[in-house]
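> Test case, fold it:
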Amino acid sequence: MSRGLLIGLTVVVLAGCDAAPQDLRRALAMLHNDQGAAAFTQLQDLAATGYAPAQFRLGMLYLQGEVNAERRTLAERWLMRAAAQGDVGARYYRALLWLSRRRDADAVDAGAQALERLAADGFRPATLRLAQAYEAGDGVQPDVAQALSWYEQAAAQGERRAIERLATAYQNGELGLERDAALAQRWRRQLAREPFSLSD
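Numbers count the residues shown, from 1 in each chain. You can find the predicted model right below:
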């Protein structure tokens, strides 16, 4: 095979690899510009090809607005497919959907375990959500020691809500902590220092 032909084939293959991300960016731009129907069609087409980021976003679209049983089923289907490919956002929201099935103990347990795996991998939203779950007994047995440990890990990752919770816990003597105004103030000062993302 000639060098020129090889280069040409490489360009074609790479262009094909770039098509899905470009199509996804185009669909997201359509959503941003209130072209919902066109964006939805684009996402459906991309998701059908097996592109996990599109599957995740399509699943999330089904969870927006008024969610009925049919929309929830479709959301779960696309989130499951994306999660099976390792999409971390899909893994997280799939875990939250499982946790929300209050009458299905197996699903709730699966959701809690999935959150623990994500948190152990350092996925910040899962670390915070797990802390909240242990504090409230949401899908797990209430355990203030576990809640405190996960809040501390989330705070170490720069999670603003975890830092706020620790400041309040030290101020009021919660989460098994003694009241300590100095530590509460130290956490509050960290809020002023930490660079937070726009999503916080």
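> wait, what's in contact with residue 79?
With contacts defined as C-beta atoms under 8 Å, 6 or more residues apart in numbering, the neighbours of residue 79 are 55, 56, 59, 60, 90, 93, 94, 97. C-beta here means a position set from N, CA and C on the backbone, and glycine is covered the same way.
> for residue 152, what are its contacts?
Contact analysis of residue 152 by C-beta under 8 Å, 6+ apart lists 162, 166.
> Give the next helix or strand downstream of the helix or strand it falls within.
Here residue 152 sits within helix 144-156, counting by DSSP states H and E. Once the chain leaves helix 144-156, the next helix or strand it forms, by DSSP H and E, is helix 160-172.
> Flag every buried residue along that following helix.
Neighbour-count burial for helix 160-172, counted by 16 or more other C-beta atoms under 10 Å, picks out 160, 161, 162, 163, 164, 165, 166, 167, 169, 170, 171.
> Contacts for the helix or strand following it, please.
Using DSSP H and E, the helix or strand that follows helix 160-172 towards the C-terminus is helix 181-193. For helix 181-193, contacts defined as C-beta under 8 Å, 6+ apart pick out 155, 160, 163, 164, 166, 167, 168, 170, 171.
> picking that back up, out of the contacts of residue 79, which comes closest to residue 77?
Proximity of these to residue 77 (C-beta to C-beta) peaks at residue 59, which lies at 7.5 Å.
> In which helix or strand does the closest one reside?
Counting by DSSP H and E, residue 59 is found in helix 52-62.
> Remind me what that helix packs against, helices and strands.
Under the contact criterion of 3 or more C-beta pairs under 8 Å, 6 or more residues apart in numbering; DSSP states H and E, helix 52-62 touches helix 3-32, helix 36-48, helix 69-84, helix 88-99.
> quick one on the thing from earlier: can you list the contacts of residue 79 in CSV and add pLDDT, distance to residue 134 and neighbour count?
Output for the contacts of residue 79, formatted as CSV (pLDDT from 0 to 100; distance: C-beta to C-beta, whole Å; neighbours: other C-beta atoms under 10 Å):
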residue, pLDDT, distance to residue 134, neighbour count
55, 90, 30, 27
56, 89, 26, 26
59, 89, 27, 27
60, 88, 26, 17
90, 93, 23, 24
93, 91, 20, 21
94, 90, 20, 24
97, 87, 19, 19
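> about what we covered before: the helix holding residue 152: which residues count as buried?
For helix 144-156, by 16+ other C-beta under 10 Å, it's 146, 147, 148, 150, 151, 152, 153, 154, 155.
> same thing with stretch 31-39?
So, applying 16+ other C-beta under 10 Å, buried residues of stretch 31-39: 31, 39.
> Surely residue 146 and residue 134 touch.
Yes: contact criterion C-beta atoms under 8 Å: residue 146 and residue 134 qualify, at 4.2 Å.
> Would you mind listing the residues touching both of those two?
residue 140.
> Secondary structure class of residue 101, three-state.
coil (DSSP: H, G, I helix; E, B strand; the rest coil).
> List the contacts of it.
Contacts of residue 101 by C-beta under 8 Å, 6+ apart are 107, 108, 111.
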